[in-house]
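Engineer: Have a look at this prediction, sequence included:
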Amino acid sequence: MFRWFHRLASLKNFYRLAEIITPWLAALCAGLLAVGLYRGLFVAPTDYEQGESYRIIYVHVPSAWMSMFVYMVIAFCSGIYLVWKMKLADIVAQASAPMGAAFTFLALCTGSLWGKPMWGTWWEWDARLTSELILLFLYIGYMALRNALDSHAAGAKAAAILALVGVVNIPIIHYSVEWWNTLHQPASITKFDTPSIHISMLIPLLLMALGFTLFYVVNMLSRSRSLILEREANTSWVQSRVQENKL
Amino acid sequence: MKEFFAMGGYAFYVWMSFGLTFIVMATIAINSMLQRKRAVALVKRKAQLNKNSDVVAGK
Amino acid sequence: MVAVVGLAVGLFLNVFKNNIQLFYTPTEVADGLVPDGAEFKVGGLVAANSVVREGDGLTVQFVLTDNAKTVPVRYTGILPDLFREGQGTVSVGKLDSDGVFVASKVLAKHDENYMPPEVADALEQAKQKAPYGSETVIMQ
């Protein structure tokens, strides 16, 4: 296990592995999103209470999940980077941050577009909404901190500490709807025995969520590879790949 | 079909959400490709530089 | 280190809780647990047969309930699409001297259930057949 971990940590091996699996993941991602969209927009029935407007769930909930998932990836990588100084962890965190911010932005915007017709407001200072907004600020702070300091190592370290401290926000986002009286309703599918969403509406949601996850993974791998190339431009393995014209 | 696009009167909210999501995700994908292009160009430039310095050094 | 982080989290949660506008229940309003003279939020269900529209067509009166106590509400403005009797709502406003909650904003609150209308109808019928007393409404 540790040896495997160590070998993956080698940037060269990671680059090669990412190169091999990316096309497969990208194809699977495209398929999932296509089927998810089709089933979500055409097959899933109308909601008894919200009519057609509930279909926003198929972009809102996956975005919101990804906003938290990507943050957890960054926090996990930050921990590894701080303890073991593992370069790969730093690269994955750096590659992920802009996408996490983008998903948070999407979750807030689509939530607003859903809140207006259903709740009657674009925005409320509700616990769920506010903690999601704080998440957006955490992402922006993280990216700004990375670029603010003179040396790369200092910026990466400071940003990693911020990412770890900011982790407290994640359970707050998740449990805000259960701990406090909020406008936002509790989660529909934390309980897998009896989800509060009908199976015909649940399947497209899960397809979309998996599609979004793969979309993130594919782009994270691609961006990590670009960062590896930039950082390792002078190493012999990168240079020999240039000679063979196999980047 | 017209009924489908009307989304039961919620067309603006539903299509804005899906459209915005599409734009943001397309931007993510395009940016990934641009970053890749930049990185490859940088690595090639460095390779060229190394070659030139080798020539200068008479290797 | 752990203690410092714990303290920071505790402080953060406290500030967060105090600055977020959480809503009060009708029972809390009836018991006088709400801020005096300031704006606050009340959340509850719109009581059955309580919605009365006034002549101007924009002012509406209804009773908010949590199945224990009730609060009368008056509101002038556009109601959200989901507003109806039996629906959860959150209203923002102040209590006037007669104990009527004058709302400046009425928001609809929906639950986390999503299903096709046929399924909702079937559930409703099953509920009506069930013996009386099992019909407690849980206000999320």
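Structural biologist: Nice, I can see it. Numbering: from 1, shown residues only, chains lettered A, B, ... in the order given.
Engineer: Please name the residues that touch residue 33.
Structural biologist: Since you didn't name a chain, this refers to chain A. Each residue near A:Leu33 by C-beta atoms under 8 Å, 6 or more residues apart in numbering or on different chains is listed here: A:Leu207, A:Met208, A:Gly211, A:Phe212, A:Phe215. Every residue, glycine included, has its C-beta placed from N, CA and C.
Engineer: I was after chain C.
Structural biologist: Neighbours of C:Leu33 in contact, by C-beta under 8 Å, 6+ apart: C:Tyr24.
Engineer: Need phi/psi at it.
Structural biologist: Backbone torsions for C:Leu33, taken as degrees, to the nearest 10, come to phi -90, psi 10.
Engineer: On the three-state scheme, the residue of chain C found nearest chain B is what?
Structural biologist: Nearest to chain B, among the residues of chain C, is C:Asp81, at 8.7 Å (C-beta to the nearest C-beta). In terms of secondary structure, C:Asp81 is coil; the call rests on DSSP: H, G, I helix; E, B strand; the rest coil.
Engineer: ok, now which ones touch it?
Structural biologist: Counted by C-beta under 8 Å, 6+ apart, C:Asp81 has contacts A:Pro117, A:Met118, A:Gly120, C:Ala108.
Engineer: can you tell me which of the residues you listed lies nearest to C:Gly86?
Structural biologist: Comparing those against C:Gly86 with C-beta to C-beta picks out C:Ala108 as the nearest, at 11.5 Å.
Engineer: Quick one: classify that closest one as helix, strand or coil.
Structural biologist: In three-state terms, and counting by three-state DSSP, C:Ala108 is strand.
Engineer: Could you give the bridge partners of it?
Structural biologist: In this structure, C:Ala108 bridges to C:Thr89 when assessed by DSSP bridges.
Engineer: State the distance from it to B:Asn52.
Structural biologist: In this structure, C:Ala108 and B:Asn52 are separated by 70 Å, where distance is defined by C-beta to C-beta, to the nearest Å.
Engineer: Neighbour count for the two, which is higher?
Structural biologist: It is C:Ala108, of C:Ala108 and B:Asn52, that has more neighbours when counted by other C-beta atoms under 10 Å in any protein chain shown, with 24 against 10.
Engineer: isn't the more buried one right next to C:Gly88, touching?
Structural biologist: Yes: between C:Ala108 and C:Gly88 there is a contact under C-beta atoms under 8 Å: 7.3 Å.
Engineer: Assign the most centrally placed residue in chain C to helix, strand or coil.
Structural biologist: In chain C, the centroid-proximal residue (C-alpha atoms, centre = their mean) is C:Gly43; its distance is 2.0 Å. C:Gly43 falls in the strand class when you classify it by three-state DSSP.
Engineer: now it, nearest residue through space, not along the chain?
Structural biologist: C:Phe23 (3.7 Å; C-beta to C-beta, 6 or more residues apart in numbering or on different chains).
Engineer: tally of neighbours for the one you found?
Structural biologist: As a burial measure, C:Phe23 scores 21 neighbours (other C-beta under 10 Å).
Engineer: Could I get the contacting residues of it?
Structural biologist: By C-beta under 8 Å, 6+ apart, the residues touching C:Phe23 are A:Asn181, A:Thr182, A:Leu183, C:Phe40, C:Lys41, C:Val42, C:Gly43, C:Val90.
Engineer: now do 7 Å
Structural biologist: Shown in contact with C:Phe23 (C-beta atoms under 7 Å, 6 or more residues apart in numbering or on different chains): A:Asn181, C:Lys41, C:Val42, C:Gly43, C:Val90.
Engineer: which of those residues has the most neighbours?
Structural biologist: Taking other C-beta under 10 Å as the neighbour criterion, C:Val90 ranks highest of the contacts of C:Phe23 with 27 neighbours.
Engineer: That residue reaches C:Lys105, doesn't it?
Structural biologist: No: under the criterion of C-beta atoms under 7 Å, C:Val90 is not in contact with C:Lys105, lying 8.6 Å apart.
Engineer: ok so, going back, got the phi and psi for the residue nearest to C:Gly43?
Structural biologist: When quoted as degrees, to the nearest 10, the phi and psi of C:Phe23 stand at phi -100, psi 160.
Engineer: Closest to the centroid, which residue in chain A?
Structural biologist: For chain A, A:Val70 is the residue whose C-alpha lies nearest the centre (C-alpha atoms, centre = their mean; 3.1 Å).
Engineer: Could you pull up phi and psi at that one?
Structural biologist: Taking degrees, to the nearest 10 as the convention, A:Val70 sits at phi -60, psi -40.
Engineer: Then C:Asn113?
Structural biologist: phi -90, psi 130.
Engineer: and it, how far is that from C:Ala126?
Structural biologist: With distances defined as C-beta to C-beta, the gap from C:Asn113 to C:Ala126 amounts to 14 Å.
Engineer: With neighbour numbers in mind, choose between these two.
Structural biologist: The residue with more neighbours, out of C:Asn113 and C:Ala126, is C:Asn113; 17 against 9, by other C-beta under 10 Å.
Engineer: residues in contact with the more buried one?
Structural biologist: A:Ser196.
Engineer: Could the C-alpha coordinates of stretch A:15-29 be exported in PDB?
Structural biologist: In PDB, the C-alpha atoms belonging to stretch A:15-29 read as follows (Å, rounded to 0.1, in the frame of the first residue of the first chain):
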ATOM      1  CA  TYR A  15       1.500  11.900 -15.500                       C
ATOM      2  CA  ARG A  16       1.600   8.500 -17.300                       C
ATOM      3  CA  LEU A  17      -1.400   7.100 -15.400                       C
ATOM      4  CA  ALA A  18      -3.500  10.200 -16.000                       C
ATOM      5  CA  GLU A  19      -2.600  10.100 -19.600                       C
ATOM      6  CA  ILE A  20      -3.900   6.500 -19.900                       C
ATOM      7  CA  ILE A  21      -7.200   6.900 -18.000                       C
ATOM      8  CA  THR A  22      -8.300  10.400 -19.100                       C
ATOM      9  CA  PRO A  23      -9.900   9.400 -22.400                       C
ATOM     10  CA  TRP A  24     -11.900   6.600 -20.800                       C
ATOM     11  CA  LEU A  25     -13.100   8.800 -18.000                       C
ATOM     12  CA  ALA A  26     -14.000  11.600 -20.500                       C
ATOM     13  CA  ALA A  27     -16.100   9.200 -22.600                       C
ATOM     14  CA  LEU A  28     -17.900   7.900 -19.500                       C
ATOM     15  CA  CYS A  29     -18.500  11.400 -18.300                       C
END
